[in-house]
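Undergrad: Would you be able to build a 3D model of this:
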Amino acid sequence: GLMCRSISADAVDAGSADARHGKHFSLAATWMAQAATTSAAGVPAADAPSLQRCLLVDFAPALANSLKARLTTVNVAETVDTVDLRHGSADSCRGSYDLILYSGLDPCGIIQTDGSHGSGPEAEYSAVRRCLGFLGDACSRASRIMMVTSGASSQDPCDLPEAETRRTSKALVAILRSARVEYPSVRMSAIDITGVSAEEGSIWTAVMAELQQTSVEAEVSYRADGRRLVRRYQEVSEEDTPMKLALTDRGSDSESAALRPISISNTGAYIITGGLGALGLLTAKVLVRHGARRLVLLSRSGRVSNEGQDLERELQWLQEQPGVTVELMRCDVSDESSLDRVLSEVRITGPIEGVVHSAGVLRDALMRGGGAESGSTDVWNSKARSARLLHESTASDDLKLFVTYSSIAAAYGNLGQAAYGAANAYLDALMEERALAGKCGVCVQWPAISGVGMAAATLAASGGGDSGIMAEGTASPADVDQFISDLLSGAAGSRR
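TA: Residues are numbered from 1 along each chain as shown. The predicted structure is shown next:
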């Protein structure tokens, strides 16, 4: 959810402090049915506006050729170029384009030409990095960009493609959200084809329908029953506080089950990645208050992060609690052997009953010039790759709690955070996958937190102190504490 504040025009003009104290209200993302509208009712696809140059990116060869033939046959585009970034570069496709169609249908290359399947963490990140690099260049020379995915907006298990495809597709859509912020003059759309075979006909119908719209939809979903859904933000009731709306937007048509209270064991181990960071330590304190007696705090450095935020005192409080064991273990969670070693050591003295993945790295950079791509490895590994390894490495453990900490940058996009948004959107998709499989899995899309955490440290390092937006704070440490407590007690809202 997103917290907003309404203020009067007079307060804005005056620049007064009153501008900070308007009425609060909250928005939540949802999918709503909306019929397609065109500039003239019943206009056939053949009469769509003519384009000079069109580029098809990462479509399978047969599909690319079919779409190219359709575009040129009905005179939608005079010239259609194709490129598959998985097997080459875009150097041959220079100049400006009226339309770029980017395929997120098989971003990991899972569907091979011989019918076999191959995937893995490297393929997922490779797809994200390709997209960051390509869009960082292409957005400056494109009038319109459409990204086509399959199943990225659905929660129906019957509609879902391969797990890696869906997770990665959601990450690519998150990149587009941040790209839209950085390039506001470029018309960008994410088109998801759900419950329908993502073949030439369904793709062609969806693309042509969107080309004929009188206004560009940022995100649209075409369903098997013929409905066209658009992503919208709705104001929610006052009792649904901004922190209660921090749970991941599932984008589902169906009612979400309410979160159930989580019983915290006094014998099992609770592993917290990024355990010596602000969110990790805040979470550890709440777990102790709810009955946890064995905490395993993982960090790469082995020391409290973000000096100057008084986090050492939080760690000291934990270590002084009677009957509580706090184990500090160095571990690079994105390294499979390092993670397996630590988990094996933890299991020697008792079962693992909970995982909280709060680790993360910020490498904010604009997409243009390749900045977002070049800094994306650390961001992706700390969030997405680590989450996947935790998910797979604890498959045999009887977990009662699995929580990942994401960011609202995944849901809304943010300037300079395309890579960060993509990595966090992957977490959202992974937790949705666990929940659909009947396993525990919750993803929290945190806003910036005032005074502590990575965002506050980045702002302070840049000389900005903790002022402006951060001074008001989208969330305070006290808000975070209360929300995690509500999450454990089942009172954090109804969206999982």
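
Undergrad: Tell me where the stretch 51-200 of the chain has helices.
TA: For the stretch 51-200 of the chain, the helices defined by DSSP state H, counting those that start in this stretch cover 61-73, 121-138, 163-182, 200-211.

Undergrad: List just the one of the ones you listed that sits closest to S406.
TA: helix 163-182 (10.0 Å; C-beta to C-beta). Backbone N, C-alpha and C define where each C-beta goes, glycine included.

Undergrad: Find the centremost residue of this protein, please.
TA: What sits nearest the mean C-alpha location of the chain, by C-alpha atoms, centre = their mean, is A425, with 1.5 Å.

Undergrad: Do I have it right that that one meets S169?
TA: No: with contact defined as C-beta atoms under 8 Å, A425 does not count as touching S169 (9.4 Å).

Undergrad: nearest to N381, of the helices of the stretch 51-200 of the chain?
TA: Proximity to N381, assessed across the helices of the stretch 51-200 of the chain by C-beta to C-beta, is greatest for helix 121-138 (7.8 Å).

Undergrad: Which helix or which strand is home to D364?
TA: Assessed by DSSP states H and E, D364 sits outside every helix and strand.

Undergrad: Hmm, it is touching A418, no?
TA: No: counting by C-beta under 8 Å, D364 does not reach A418; the two are 9.4 Å apart.

Undergrad: Looking at these two, which one has more neighbours?
TA: Between D364 and A418, counted using other C-beta atoms under 10 Å, A418 has the larger neighbour count: 34 against 20.

Undergrad: what's near enough to touch the more buried one?
TA: A418 is in contact with 132, 135, 174-175, 178-179, 182, 367, 372, counting by C-beta atoms under 8 Å, 6 or more residues apart in numbering.

Undergrad: for the residues you listed, which one is nearest G323?
TA: Within the contacts of A418, proximity to G323 (C-beta to C-beta) peaks at A174, which comes in at 42.1 Å.

Undergrad: returning to what we had before: next one: the nearest residue to the residue nearest to the centre of the chain once chain neighbours are set aside relative to L132, how far apart?
TA: Counting by C-beta to C-beta, 6 or more residues apart in numbering, the nearest residue to A425 once its immediate chain neighbours are dropped is A174, at 3.6 Å. For A174, the distance to L132 (C-beta to C-beta, to the nearest Å) stands at 11 Å.

Undergrad: between those two, who's got more neighbours?
TA: More crowded of A174 and L132, by other C-beta under 10 Å: A174, with 32 against 26.

Undergrad: does that one really touch G421, like I thought?
TA: Yes: A174 is within contact range of G421, at 4.2 Å (criterion: C-beta under 8 Å).

Undergrad: What is the neighbour count of G104?
TA: Neighbour tally, G104, other C-beta under 10 Å: 28.

Undergrad: can you pull the contacts of the closest residue to it other than its chain neighbours?
TA: Distance criterion C-beta to C-beta, 6+ apart; nearest residue to G104, sequence neighbours excluded, is T149 at 4.0 Å. Listed by C-beta under 8 Å, 6+ apart, the contact set of T149 reads 104-105, 169-170, 172-173, 190-193.

Undergrad: L488: which of those is nearest?
TA: Proximity of these to L488 was ranked by C-beta to C-beta; the top entry is K170 with 26.5 Å.

Undergrad: For that closest one, give its distance to L63.
TA: Counting by C-beta to C-beta - K170 and L63 are separated by 21 Å.

Undergrad: more neighbours, the two?
TA: Neighbours per residue (other C-beta under 10 Å) separate K170 from L63, with K170 holding more: 26 against 18.

Undergrad: can you pull out the strands in the stretch 1-150 of the chain?
TA: Along the stretch 1-150 of the chain, the stretches classed as strands by DSSP state E, counting those that start in this stretch are 2-6, 23-33, 51-57, 77-83, 99-103, 144-149.

Undergrad: got those strands as JSON lines, with mean pLDDT and distance to D335 columns?
TA: Compiled in JSON lines, those are given as follows (pLDDT from 0 to 100; distance: least, C-beta to C-beta, whole Å):
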{"stretch": "strand 2-6", "mean pLDDT": "52", "distance to D335": "35"}
{"stretch": "strand 23-33", "mean pLDDT": "69", "distance to D335": "34"}
{"stretch": "strand 51-57", "mean pLDDT": "92", "distance to D335": "32"}
{"stretch": "strand 77-83", "mean pLDDT": "90", "distance to D335": "34"}
{"stretch": "strand 99-103", "mean pLDDT": "95", "distance to D335": "31"}
{"stretch": "strand 144-149", "mean pLDDT": "95", "distance to D335": "30"}
